[in-house]
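>>> Quick one, structure for this:
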Amino acid sequence: MSRAGGMRLRARVRRESPPRLRRGPADASHLGLRRHRAQTYQRVSFILMGAMVYPSGTTVNDRYELGDKLGSDGQVYQAYDRHLARTVALKLLDPTGQAPQSWDEARQLEQLRSRYIVQVLNADVVTSSDIRYITTPLLPDGDLEQEARPIGVSVATAVRYIRHIAAGVDTIHATGMIHRDIKPANSLRDGDNVMVSDVAMCVLLDEDGTAEPNGSYCTVAPEVLGKHGRCSVASDVYSLAATAFYLLSGEYHVDHRNTKAQQRDEILAGDIRDLSDFAPHVPRAVASIVRKGMSLAPSARHQSVEDFGNALATAASGRRDWRRVTHPGHVYCAEGPSPLEHSPAIGICARNSVPPQVVVRTFHLRSGRAVAGIAERQTSMPALSRTFRRAVADVG
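Modelled structure (predicted):
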């Protein structure tokens with residue numbers, strides 16, 4: 001789960017036989033490993049909060065040798081696969097509490113094939129334990145949470161990324177499963193492609209088209225957080241729209257400086273941020289699609305992730321590819337190349353004037369001259385986003 005705000009499960013302590021997660025003889029006192037043959041074994045269920053870190057040299061099922069931990073949370077490690085003689089990413093999953101020797105979704109996960117899904121190399125259960133694990137190739141190009149922080153990416157880039165994610169998730173839906181944790185941190189760059197990761201969270205839908213709740217506060221749908229919360233295709237649509245919100249603005253639709261209880265209440269009430277307030281350079285038509293995808297009522301959202309991706313692309317088509325930029329001493333700035341070959345690129349900058357006034361200026365990027373017919377606008381900070389949106393609408 002991302003540090004931007006994931007649902008956290010309380011750790012529980014159980015006594016049981018140790019799973020085959022082993023270290024070398026130099027230090028056998030590690031929780032989750034063999035302590036001593038004559039001692040009672042105690043393990044702490046650790047996933048989601050990352051309560052413990054397994055050291056380099058730990059082995060899983062006598063096959064995977066763990067290396068460095070990847071990322072700041074969760075239980076993802078670089079690991080050496082002795083069978084395939086290659087380095088992979090291995091994720092240890094939340095224990096089920098039932099010590100299963102099978103995993104219903106494992107076969108489906110291994111058979112998922114899409115250029116927009118991180119391939120599952122192996123999905124299995126640690127011997128004599130309730131710890132599941134999944135292995136995937138290592139992707140070195142980072143995730144979209146890192147790429148879009150702190151001011152977002154251009155509109156065209158965000159749309160392209162969302163369509164890649166939608167294509168991957170649509171493949172998952174076609175198998176009768178849902179993802180349950182779509183978010184920027186689970187969307188990995190692989191060159192020009194974006195690939196859906198953390199497919200270990202995928203589960204098969206019940207007969208009523210729902211599944212057990214899961215997700216991260218940064219993108220989770222309101223119906224998942226309710227007393228009898230359930231996930232569905234509609235909750236995946238919401239999470240994809242919330243991911244689009246972040247890509248376009250560099251901010252999430254709830255303020256993660258608030259407590260988890262406050263965030264939960266805001267999500268449940270539909271009291272979420274307006275994309276146009278945080279990214280006024282984004283065309284209103286695009287912002288409206290994102291807002292519909294995050295509708296409080298599941299039935300009011302797009303019917304599928306593919307529908308959402310297509311609607312977003314249609315809303316952005318034929319418009320300038322606006323992106324936010326930063327200039328020293330300016331409050332908010334954006335640049336918009338034209339979709340037409342010989343049409344000039346435009347910049348819009350808001351700079352402080354005589355307090356509390358802000359001046360919004362629209363100009364040609366190449367020459368710096370003001371755009372004919374569009375005068376500078378004097379506004380205030382509270383009205384800045386509205387004034388900036390008007391400036392964007394004026395130039396198209």
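
>>> Show me which residues of stretch 326-346 are buried.
When burial is assessed from 16 or more other CB atoms under 10 Å, stretch 326-346 yields the following buried residues: 332-337, 344, 346. In this view, the C-beta of every residue, glycine as well, is placed from N, C-alpha and C.

>>> how's the protein carved up into domains?
13-137, 144-316, 323-395 (automatic domain parsing).

>>> packing partners for the longest helix anywhere in the chain?
For the chain, the helix that runs over the most residues, judged by DSSP state H, is helix 155-174. Applying 3 or more CB pairs under 8 Å, 6 or more residues apart in numbering; DSSP states H and E, we find helix 155-174 packed against strand 193-196, helix 233-249, helix 305-316.

>>> model confidence over stretch 215-231, on average?
Across stretch 215-231, pLDDT averages out at 96.

>>> Would you mind listing the residues in contact with Glu212?
203, 230-231 (CB atoms under 8 Å, 6 or more residues apart in numbering).

>>> Mean neighbour count, the domains of the chain: which tops it?
Mean neighbour count (mean count of other CB atoms under 10 Å) peaks for domain 144-316 among the domains of the chain, with a mean of 21.

>>> measure it end to end?
The first residue of domain 144-316 is 20 Å away from its last residue (CA to CA, to the nearest Å).

>>> Likewise for stretch 317-327?
End to end - CA to CA - stretch 317-327 spans 28 Å.

>>> shaky segments in the protein?
By pLDDT under 70, the weakly predicted segments of the chain are 1-51, 72-73, 95-104.

>>> in it, which spans are helices?
For the chain, the helices defined by DSSP H cover 106-111, 144-148, 155-174, 222-225, 233-249, 260-269, 275-278, 284-293, 305-316, 384-395.

>>> just to revisit the earlier point, looking at the buried residues of stretch 326-346, which one is closest to Tyr116?
Within these, the smallest distance to Tyr116 is 26.2 Å, found for Pro337 (CB to CB).

>>> wouldn't that closest one be in contact with Pro344 here?
No: checked against CB atoms under 8 Å, the pair Pro337 and Pro344 is beyond contact range at 9.1 Å.

>>> show me the contacts for Leu92.
Contact partners of Leu92, counting by CB under 8 Å, 6+ apart, are 46-47, 54, 60, 75-77, 126, 131-133.

>>> Repeat that for Phe278.
Counting by CB under 8 Å, 6+ apart, Phe278 touches 249, 251, 385.

>>> Can you check which of the helices of the chain gets nearest to Gly209?
Using CB to CB, these put helix 233-249 closest to Gly209, at 7.1 Å.

>>> now the closest one, how far from the chain's geometric center?
Its chain's C-alpha centre and that of helix 233-249 lie 8 Å apart, by CA atoms, centre = their mean, to the nearest Å.

>>> Contact partners for the residue nearest to Glu65 when sequence neighbours are not counted?
Computed as CB to CB, 6 or more residues apart in numbering, the closest residue to Glu65 that is not its neighbour in sequence is Tyr80, at 4.6 Å. Tyr80 makes contacts with 64-65, 67, 86-88, as judged by CB under 8 Å, 6+ apart.

>>> what would those look like in a markdown table with distance to Ala158?
Formatted as a markdown table, these follow (distance: CB to CB, whole Å):
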| residue | distance to Ala158 |
| --- | --- |
| Tyr64 | 36 |
| Glu65 | 39 |
| Gly67 | 34 |
| Arg86 | 33 |
| Thr87 | 31 |
| Val88 | 30 |
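
>>> so can I have a markdown table of the buried residues of stretch 326-346 showing distance to Arg163?
Compiled in a markdown table, those are given as follows (distance: CB to CB, whole Å):
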| residue | distance to Arg163 |
| --- | --- |
| Tyr332 | 27 |
| Cys333 | 27 |
| Ala334 | 22 |
| Glu335 | 23 |
| Gly336 | 21 |
| Pro337 | 20 |
| Pro344 | 28 |
| Ile346 | 25 |
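
>>> so which pair among those residues is furthest apart in space?
Pairwise distances across those peak at 21.0 Å for Tyr332 and Pro344 (criterion: CB to CB).

>>> between the contacts of Phe278, which is nearest Gly293?
Using CB to CB, the contacts of Phe278 come closest to Gly293 at Ser249, 14.4 Å.

>>> Which residue lies closest in space to the spatially most central residue of the chain, excluding its sequence neighbours?
Closest to where the C-alpha atoms of the chain average out (CA atoms, centre = their mean) is Lys183, at 1.7 Å. Excluding the flanking residues, the one nearest Lys183 by CB to CB, 6+ apart is Thr219, at 4.3 Å.

>>> Quick check: phi and psi on that neighbour?
phi -140, psi 0 (degrees, to the nearest 10).

>>> That one is in contact with Thr243, isn't it?
Yes: here Thr219 reaches Thr243: they are 5.8 Å apart, a contact under CB under 8 Å.

>>> Which neighbours do those two have in common?
Joint contacts of Thr219 and Thr243 (CB under 8 Å, 6+ apart) are 182-184.

>>> mind putting these in a markdown table, distance to Gln378 included?
Listed next are these as a markdown table, based on distance: CB to CB, whole Å:
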| residue | distance to Gln378 |
| --- | --- |
| Ile182 | 42 |
| Lys183 | 39 |
| Pro184 | 36 |
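
>>> quick check, nearest of those to Ala370?
Nearest to Ala370 out of the shared contacts of Thr219 and Thr243 is Pro184 (CB to CB; 36.6 Å).

>>> Quick check: the closest one vs Ala391, distance?
To Ala391, Pro184 is 28 Å away according to CB to CB, to the nearest Å.

>>> swap in Ala242?
27 Å.

>>> With Ile165 instead?
Ile165 is 30 Å from Ala391, where distance means CB to CB.

>>> do the same with His342
Distance from His342 to Ala391, counting by CB to CB: 22 Å.

>>> Thr171 too?
Thr171 is 40 Å from Ala391, by CB to CB.
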